[in-house]
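Chemist: Curious how this folds, go ahead:
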Amino acid sequence: MNNERLIRRMVRRETHSSRAAVSVLAATVLLAFCLWLALESVLMLAGVPALLASPEQMGRWLAGLPAATIPAWLAAAGTGIALIGVLLVLAGAAAGRRSRRALASDRCAVVVDDDVIASAVSRAVQVSAGVAPGQVTTTVAGRSARVQVRPTSGLALDAAALTAAASSELAQYGLARRITPAVRVASGGAVGQ
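Modeler: Now for the predicted structure:
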């Protein structure tokens, strides 16, 4: 396996979540049900009373279920079972992304959490604006970075210059999925900072 392919594989493993938990849960429930059915069948063949219901009793109950149940309840149960099935299919097919991103590197796999990127963008905007660290907050989600700047009272800030500082900081990382910064300067300022 060449180095580039290995790096791509490692980055994918770190940026996407595993579906193992959902798979194990579904398999455990299915296995428990099958084992219970097998136990009830063995008990019926041995002539021992059933733990919950023998296969014969379950068959009679299922055959009489439509006549003994209100149709609305049957429809609700069917809808619930179908919803569980759709959720399991979606959990298996959806790309489980973590809040991490791969940075450009030729030598190794570098994966950084979104909070680290948000902190670096906040620091760059804070230095560019000349405000205290508590006056800049950044959240990174998807393909955007939302930067909220609260200026010091009496000082006007140029949102375009702050956006350029955030863009410059993000451009240094060489992210595969580009993040677009959106800087918002609050109308009310911070007093005495």
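
Chemist: Name the secondary structure element that contains the residue nearest to Pro66 when sequence neighbours are not counted.
Modeler: Excluding the flanking residues, the one nearest Pro66 by CB to CB, 6 or more residues apart in numbering is Leu74, at 6.7 Å. In this view, the C-beta of every residue, glycine as well, is placed from N, C-alpha and C. Leu74 is part of helix 71-93, with elements assigned from DSSP states H and E.

Chemist: So what's the residue count around the residue nearest to Pro66?
Modeler: Per other CB atoms under 10 Å, the neighbour tally for Leu74 reads 12.

Chemist: My guess is Met10 contacts Val110. True?
Modeler: No - with contacts counted by CB atoms under 8 Å, Met10 stays clear of Val110, the gap being 10.0 Å.

Chemist: for the lengthiest helix in the chain, packing partners?
Modeler: Counting residues, the longest helix in the chain under DSSP state H turns out to be helix 20-46. Using 3 or more CB pairs under 8 Å, 6 or more residues apart in numbering; DSSP states H and E, the elements in contact with helix 20-46 are helix 55-68, helix 71-93.

Chemist: Could you list the alpha-carbon positions for the shortest one in PDB?
Modeler: Coordinates of the C-alpha atoms in helix 55-68 are reproduced here as PDB (Å, rounded to 0.1, in the frame of the first residue of the first chain):
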ATOM      1  CA  PRO A  55     -44.300 -21.500  18.700                       C
ATOM      2  CA  GLU A  56     -47.800 -23.000  18.300                       C
ATOM      3  CA  GLN A  57     -49.300 -20.400  20.600                       C
ATOM      4  CA  MET A  58     -47.400 -17.600  18.800                       C
ATOM      5  CA  GLY A  59     -48.700 -18.900  15.400                       C
ATOM      6  CA  ARG A  60     -52.300 -18.900  16.700                       C
ATOM      7  CA  TRP A  61     -51.900 -15.400  18.200                       C
ATOM      8  CA  LEU A  62     -50.400 -14.100  14.900                       C
ATOM      9  CA  ALA A  63     -53.200 -15.700  12.900                       C
ATOM     10  CA  GLY A  64     -55.900 -14.100  15.100                       C
ATOM     11  CA  LEU A  65     -54.200 -10.800  15.500                       C
ATOM     12  CA  PRO A  66     -56.000  -8.900  12.600                       C
ATOM     13  CA  ALA A  67     -59.500 -10.000  13.900                       C
ATOM     14  CA  ALA A  68     -58.700  -9.200  17.600                       C
END
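
Chemist: This completes my enquiry, with thanks.
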